[in-house]
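Student: how does the following fold in three dimensions:
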Amino acid sequence: MNPTLLDIRNLSIRPNGSRASALTVDDVSLSIDRGSVLGLIGESGAGKSTIGLAALGYVRPGTERIGGSVQFDGIDLFSLPEPQRQALRGQRIAYVAQSAAASFNPAFRLIDQIIESSLRSGRFSKAAATERALALLDVLGLDAKTIAVRFPHEVSGGQLQRAMTAMALCAGPDLIVFDEPTTALDVTTQREVLGAISKAIALESTSAIYISHDLPLVAQIADSVHVLRRGRTVEAGKVTTLIRNPVDPYTRALLSAGNPKFTAPAKKSELVLAVLGVTAGYERTRPVVNDVSLSVRRGETLALVGKSGSGKSTLGRIVNGLLLPTSGQILFEGKPLAASIHDRPLAHRRAIQTIHQTPDTALNPRHRIGRYHRPTVCALRGPAWPGAGTSRRGNARSGRAWPRSGAALPS
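Tutor: Alright, predicted model coming up:
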């Protein structure tokens with residue numbers, strides 16, 4: 001048996017109708033052996049996700065492959081008819097997206113969605129697929145029987161991410177592409193999820209591509225790493241060698257990117273928001289937020305820090321009027337704020353805005369980015385974000401560009 005499972009040679013992909021100099025992926029070659037994990041590292045727009053999707057024999061709408069090949073287990077994926085490529089996806093090649101929330105149907109319980117690919121493969125009965133799914137949830141560190149019967153909105157982001165990993169593993173694929181699965185999670189949960197993923201793919205002897213911008217994080221799971229910049233490989237090798245002795249200045253910059261830079265405290269100013277003794281929860285659950293009080297002054301940034309499921313997003317939903325508290329009060333500019341967004345005046349709705357944890361679900365992929373924030377398009381201009389980006393459709397953006405699009409939405 002050939003030890004190489006995936007072999008990508010001289011792959012080049014560009015946006016439709018663009019110049020040759022505007023390549024999204026520029027002559028990239030890499031390979032993955034059976035049972036190994038390859039890390040794809042780079043900043044937003046480096047081409048990581050595009051390469052990950054190419055490993056499934058898929059090219060995003062609005063882009064085109066102009067050169068190179070992708071061989072999976074000796075099969076040239078791009079020479080296959082589309083129905084045969086679709087048959088491989090989910091069965092032999094699986095994909096774990098950056099946005100777990102967008103990957104689940106909110107109308108179905110998690111267990112029904114986790115076992116779907118196993119049932120489609122014809123290799124498992126429903127009872128066998130369910131048993132396997134519960135075992136995988138357990139391996140991933142979840143209370144399997146409790147989580148399995150919940151709906152997607154009833155679990156935390158970290159729990160949902162692990163449920164999506166169970167869904168990818170359930171059919172027993174040979175290769176899984178993990179596209180920044182822990183980006184939206186807190187540091188503690190990142191480590192928990194990463195450890196659970198590493199344990200699960202090792203038990204299943206599954207090969208993986210792990211995509212991230214965080215080189216130290218990927219070093220915890222990958223055997224080898226490719227560092228990408230502007231669509232090209234700038235450095236590649238065993239992860240231990242790359243961490244201990246990076247050659248390229250860009251790789252060294254990625255390694256040092258995690259060092260925190262502290263900001264000066266904001267000057268004392270008037271109180272904008274006050275949360276007073278707020279308690280809230282969801283149906284059939286204990287309170288998720290219990291007697292919480294905090295305040296935010298004008299010009300100040302307050303960070304809510306805690307592990308997955310600690311109530312951070314729930315408190316945000318309460319402030320936004322999307323979840324009613326069972327007790328407590330919120331003051332805005334010194335006056336009581338209506339609990340429900342439907343009871344708030346338009347001025348308050350405009351004054352309190354949200355940048356979602358999964359902003360790709362907040363924008364319609366059929367519309368161009370500029371349609372959402374023409375009045376504030378200037379917020380996108382600058383060296384890190386060319387103004388031309390506003391002409392792209394939502395599904396053409398890189399994963400880490402989504403939050404910046406959400407931040408520029410007009411009130």
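Student: A helix includes residue 251, no?
Tutor: Yes - checked against DSSP: H, G, I helix; E, B strand; the rest coil, residue 251 lies within a helix.
Student: for it, list the residues it contacts.
Tutor: 215, 227, 234-235, 242 (C-beta atoms under 8 Å, 6 or more residues apart in numbering). Where C-beta positions appear, they are placed from N, C-alpha and C, glycine not excepted.
Student: and what of residue 247?
Tutor: Residue 247 neighbours (C-beta under 8 Å, 6+ apart): residue 235.
Student: how about the contacts made by residue 243?
Tutor: 215-216, 219, 255.
Student: again, but for residue 230
Tutor: Residue 230 makes contact with 26, 45-47, according to C-beta under 8 Å, 6+ apart.
Student: nearest to residue 246 among those?
Tutor: When those are ranked by distance to residue 246 (C-beta to C-beta), residue 46 comes first, at 16.1 Å.
Student: from what I see, that closest one and residue 228 are in contact.
Tutor: Yes - taking contacts as C-beta atoms under 8 Å, residue 46 lies within contact range of residue 228: 4.1 Å.
Student: by neighbour count, which of the contacts of residue 230 wins?
Tutor: Using other C-beta atoms under 10 Å as the neighbour criterion, residue 46 leads these with 26 neighbours.
Student: how about stretch 31-50 as PDB, C-alpha atoms only?
Tutor: Taking Å, rounded to 0.1, in the frame of the first residue of the first chain, the C-alpha atoms of stretch 31-50 are listed here in PDB:
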ATOM      1  CA  SER A  31       1.700  15.400   0.600                       C
ATOM      2  CA  ILE A  32       0.200  13.600   3.600                       C
ATOM      3  CA  ASP A  33       1.000  10.100   4.700                       C
ATOM      4  CA  ARG A  34      -1.700   7.700   6.100                       C
ATOM      5  CA  GLY A  35      -2.300   8.400   9.800                       C
ATOM      6  CA  SER A  36      -0.400  11.700   9.800                       C
ATOM      7  CA  VAL A  37      -1.500  15.300  10.500                       C
ATOM      8  CA  LEU A  38      -0.400  18.200   8.300                       C
ATOM      9  CA  GLY A  39      -0.700  21.800   9.600                       C
ATOM     10  CA  LEU A  40      -1.500  24.600   7.100                       C
ATOM     11  CA  ILE A  41      -0.500  27.900   8.700                       C
ATOM     12  CA  GLY A  42      -0.700  31.500   7.500                       C
ATOM     13  CA  GLU A  43      -2.500  34.800   7.900                       C
ATOM     14  CA  SER A  44      -6.000  35.600   6.600                       C
ATOM     15  CA  GLY A  45      -6.100  35.300   2.800                       C
ATOM     16  CA  ALA A  46      -3.000  33.100   2.600                       C
ATOM     17  CA  GLY A  47      -4.900  30.400   0.700                       C
ATOM     18  CA  LYS A  48      -5.200  27.800   3.600                       C
ATOM     19  CA  SER A  49      -8.900  27.100   3.200                       C
ATOM     20  CA  THR A  50      -8.700  27.100  -0.500                       C
END
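Student: so for it, what's the average pLDDT?
Tutor: For stretch 31-50, mean pLDDT is 93.
Student: with stretch 293-311 instead?
Tutor: Averaging pLDDT along stretch 293-311 gives 87.
Student: please list the outside residues in contact with that stretch.
Tutor: Contact partners of stretch 293-311, identified using C-beta under 8 Å, 6+ apart, comprise 155-159, 185-186, 188-189, 192, 263, 266-278, 288-290, 292, 312, 315-316, 328.
Student: try 7 Å
Tutor: Applying C-beta atoms under 7 Å, 6 or more residues apart in numbering, the contact partners of stretch 293-311 are 156-159, 185-186, 188-189, 266-277, 288-289, 312, 315.
Student: show me where pLDDT drops low in the stretch 151-300 of the chain?
Tutor: 184, 258-263, 266, 284-285 (pLDDT under 70).
Student: let's go with 90 and repeat that
Tutor: Along the stretch 151-300 of the chain, the parts satisfying pLDDT under 90 run over 153-162, 171, 180-205, 213-220, 243, 252-269, 281-288, 299.
Student: where do the helices sit along the stretch 151-300 of the chain?
Tutor: 157-170, 187-204, 215-218, 239-244, 249-256 (DSSP state H, counting those that start in this stretch).
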